[in-house]
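> no sequence for this one, just the structure:
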């Protein structure tokens with residue numbers, strides 16, 4: 001009986017000391033359906049110009065596809081538009097290269113297996129434009 005108790009104690013000790021393996025970080029790679037685009041314009045004094053602007057896309061109408069090779073493709077109403085845009089994701093930020101604006105940086109507010117939310121901030125001559133993009137997979 002003492003031997004069984006000793007084996008149980010050793011077994012419990014070994015399992016309680018085992019390190020837990022963290023879940024892998026979610027990946028951008030895949031096809032993401034754009035749900036909403038939320039835009040806020042402010043003047044130089046940080047006063048909001050107008051009401052917030054919300055664009056709620058029709059289901060399945062706008063998609064971004066992040067390829068494993070670093071390319072980004074846009075699909076709008078079932079029509080794929082190849083782009084020359086590439087991306088990297090590092091340190092909680094998406095960097096797009098080859099856009100009409102050159103290289104742009106977007107803080108990721110949320111990334112899970114099923115949800116992506118990122119933000120962009122543009123300094124305009126008369127104020128700023130802040131846009132939040134929400135996607136689901």
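Received the coordinates, thanks. Since the structure is predicted, the reported quantities are computational estimates derived from the model, not experimental observations.
> skip the chain neighbours and tell me the closest residue to the residue positioned nearest the centre of the chain.
Centroid-nearest residue in the chain, with C-alpha atoms, centre = their mean: residue 116, separated by 3.7 Å. With sequence-adjacent residues excluded and distances taken as C-beta to C-beta, 6 or more residues apart in numbering, residue 116 is closest to residue 135, at 4.3 Å. Quick note: C-beta positions are derived from backbone N, CA and C, even for glycine.
> residue contacts, that neighbour?
32-35, 64, 115-117 (C-beta atoms under 8 Å, 6 or more residues apart in numbering).
> how about a cut-off of 7 Å?
By C-beta atoms under 7 Å, 6 or more residues apart in numbering, the contact set of residue 135 is 32-35, 64, 116.
> picking up where we left off before, so the residue nearest to the centre of the chain belongs to a strand, correct?
Yes. The assignment for residue 116 by DSSP: H, G, I helix; E, B strand; the rest coil puts it in a strand.
> which pLDDT value does the model give it?
Looking at residue 116, its pLDDT is 97.
> with residue 12 instead?
So, for residue 12, pLDDT stands at 43.
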